[in-house]
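K.L.:
only the shape, not the letters, is given here:
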Ligand SMILES: Nc1ncnc2c1ncn2[C@@H]1O[C@H](COP(=O)(O)OP(=O)(O)OP(=O)(O)O)[C@@H](O)[C@H]1O
């Protein structure tokens, strides 16, 4: 379990993290979401004891990470995939990590196989790896100590679609094994199919801590796309029933406030011909952008 309690970190005049509290539970994949500069990396670094909090606490399994002997057994992390010695092979890099954490050498081959780097990649120098391969190596390092808690900073960066699917499957499995899996991203679309729980921050402060289902429920109101040659008349009939209707073109309406069943009934009652009646899922990305709009550091075209 990860516990963050009234955590604050200041850099001069910049408050990277401000009075942040949340809990991340085992057995689930928890997404750590926030726009660029929200304070995600700083929080993860404090959890790993790499940055000292200005105030507050960040603990892994009840203890500050620095107090954990043989850290990799307690928590594994991928912070910066590029942060490896380019002249070494993946195997040499992992073997050095295993030695310094007193981890059995056979784990190196196990994790290499797990992330799909057994073949050429295990011998090739890391300097020649693609970003996706470096991500896989970083994930292998996180898994090395078979830890109950795993932290990943933007692990989907640089992965191709096959890699993204693989990572999602891996996270699911790690959570199903009862581990705590905490994954940061600045894109809701990445977390939509990855996380069960969400911690959303903006400008260093907590915005939401809830399940993905709860987050979806607060999302933008679902709309229904309706296409009919009688658009104007149907729009009037739907508005009379309390719907909000936005005409798109001559034949298409975007309707909110009524479900597709009810819209179909109303069209039937008035003998309107429908050419399309399609409910649109609420966009989580739109909900996320709405929620974090006030905390985006750099808005395009709007110097602040
Ligand atoms: N070492 C540092 N010195 C000064 N300012 C810092 C330092 N580290 C982070 N910051 C500032 O703290 C804020 C939060 O940064 P952080 O990297 O934690 O955000 P983030 O959510 O991880 O962003 P991103 O998605 O862009 O990686 C930013 O304004 C950043 O410029």
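P.N.:
Perfect, thanks for sending it. Given the structure is predicted, the values throughout are model-derived calculations rather than measurements.
K.L.:
in three-state terms, label the closest residue to residue 195 other than its chain neighbours for me.
P.N.:
Counting by C-beta to C-beta, 6 or more residues apart in numbering, residue 195 lies nearest to residue 31, which is 3.2 Å off, once chain neighbours are set aside. Glycine gets a C-beta too; all of them are placed from N, C-alpha and C. Applying DSSP: H, G, I helix; E, B strand; the rest coil to residue 31 yields a three-state assignment of strand.
K.L.:
what residues go with each domain of the protein?
P.N.:
For the chain, whose domains are defined here by the TED database, the residue ranges read 2-218, 223-281.
K.L.:
closest to the ligand out of these?
P.N.:
With distances scored as C-beta to the nearest ligand atom, the stretch of the domains of the chain nearest to the ligand is domain 2-218 (3.1 Å).
K.L.:
quick check: residues of this structure near the ligand?
P.N.:
Proximity of the chain to the ligand is assessed by C-beta under 6 Å from any ligand atom, with 11, 14, 16, 34, 36, 37, 38, 39, 40, 41, 42, 186 identified as the residues in range.
K.L.:
please repeat the previous calculation with a cut-off of 5 Å.
P.N.:
Near the ligand, the residues belonging to the chain are 11, 14, 16, 36, 37, 38, 39, 40, 41, 42, 186 when assessed by C-beta under 5 Å from any ligand atom.
K.L.:
neighbour-wise, which one of the residues you listed leads?
P.N.:
residue 38 (26 neighbours; other C-beta atoms under 10 Å).
K.L.:
any figure for the gap between the closest residue to it other than its chain neighbours and residue 234?
P.N.:
Excluding its sequence neighbours, the residue lying closest to residue 38 (C-beta to C-beta, 6+ apart) is residue 201, at 4.9 Å. Using C-beta to C-beta, to the nearest Å, one gets 43 Å for the distance from residue 201 to residue 234.
K.L.:
same thing with residue 36?
P.N.:
With distances taken as C-beta to C-beta, residue 36 is found 43 Å from residue 234.
K.L.:
ok, now residue 141?
P.N.:
For residue 141, the distance to residue 234 equals 59 Å [C-beta to C-beta].
K.L.:
low-scoring stretches of the stretch 51-200 of the chain, by residue?
P.N.:
Judged by pLDDT under 70, the stretch 51-200 of the chain has its weakly predicted residues at 67-70, 120-122.
K.L.:
so what would you say the end-to-end distance of stretch 2-19 is?
P.N.:
Taking C-alpha to C-alpha, to the nearest Å, the span from the opening residue of stretch 2-19 to its closing residue is 16 Å.
K.L.:
when you give positions from now on, start the count at 801
P.N.:
From this message on, residue numbering opens at 801, which makes the last subject stretch 802-819.
K.L.:
can you pull the buried residues of it?
P.N.:
Of the residues in stretch 802-819, those scored as buried under the neighbour-count criterion (16 or more other C-beta atoms under 10 Å) are 802, 803, 804, 807, 808, 809, 815, 816, 817, 818.
K.L.:
now do stretch 987-1003
P.N.:
By neighbour count, and taking 16+ other C-beta under 10 Å as the criterion, the buried residues in stretch 987-1003 are 988, 990-992, 994-1003.
K.L.:
which residues does residue 917 contact?
P.N.:
Residue 917 makes contacts with 890, 933, 936, 937, 940, as judged by C-beta atoms under 8 Å, 6 or more residues apart in numbering.
K.L.:
OK, contacts around the fourth one?
P.N.:
Remark: with contacts taken as C-beta under 8 Å, 6+ apart, residue 937 is in contact with 881, 884, 890, 893, 894, 915, 917, 921, 926, 929.
K.L.:
check whether the first one sits in a helix, strand or coil.
P.N.:
When you say that, I think you mean residue 881. Using three-state DSSP, the structure places residue 881 in coil.
K.L.:
okay, now it: neighbour count?
P.N.:
A total of 23 residues lie near residue 881 under the criterion other C-beta under 10 Å.
K.L.:
swap in residue 933?
P.N.:
Summarising burial for residue 933: neighbours were counted as other C-beta under 10 Å, giving 21.
K.L.:
now find how far off-centre the one helix or strand it maps to is within its chain.
P.N.:
Residue 933 is part of helix 931-943 when elements are defined by DSSP states H and E. Relative to the chain's own centre, helix 931-943 is displaced by 17 Å; criterion: C-alpha atoms, centre = their mean, to the nearest Å.
K.L.:
great, nothing more from me.
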